[in-house]
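Novice: Kindly return the folded structure for what I paste below:
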Amino acid sequence: MALTKNDIVAKVHELGFTKKKSVEIIEQLLETIKGTLENGEDVLISGFGKFCVKNKAQRRGRNPATGADLILRERKVVTFKCSGKLRSKINGAV
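Specialist: Down below sits the predicted model:
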């Protein structure tokens, strides 16, 4: 089961915020994260992990449907590295 934006809004709503305010909080948080990543900066959330923008070089690829060779353009991708605390929780360590 995936955690959706609506699930996160519901959790914030449980803290006593109105539904409308909960949506605004989550939307603003996500917009801040997106804007930071668009500027090429990393986002570090202590105890959770780090979102990093990485440059990928141009490279050769292949269309799996046709087998045709092609060139994949250089691009930026977002990676995530979880914190040690999160990794420990996932693996069941105390």
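
Novice: what sits up against stretch 82-89?
Specialist: Stretch 82-89 has contacts (CB atoms under 8 Å, 6 or more residues apart in numbering) with 46-50, 90, 94. Heads up, the C-betas are built off the backbone N, CA and C, glycines and all.

Novice: and which of the residues you listed is nearest residue 7?
Specialist: Within the set of the contacts of stretch 82-89, residue 48 lies nearest residue 7; the separation is 16.4 Å, counting by CB to CB.

Novice: burial count for the closest one?
Specialist: 13 (other CB atoms under 10 Å).

Novice: go on, residue 91?
Specialist: When neighbours are defined as other CB under 10 Å, residue 91 has 7 of them.

Novice: Kindly report the same for residue 41.
Specialist: Residues lying near residue 41 (other CB under 10 Å) number 12.

Novice: One more: residue 4?
Specialist: Around residue 4 there are 9 residues (other CB under 10 Å).

Novice: what's the answer for residue 9, then?
Specialist: Residue 9 has 20 nearby residues by other CB under 10 Å.

Novice: And it, its phi and psi?
Specialist: Note on residue 9: its backbone torsions stand at phi -60, psi -40 [degrees, to the nearest 10].
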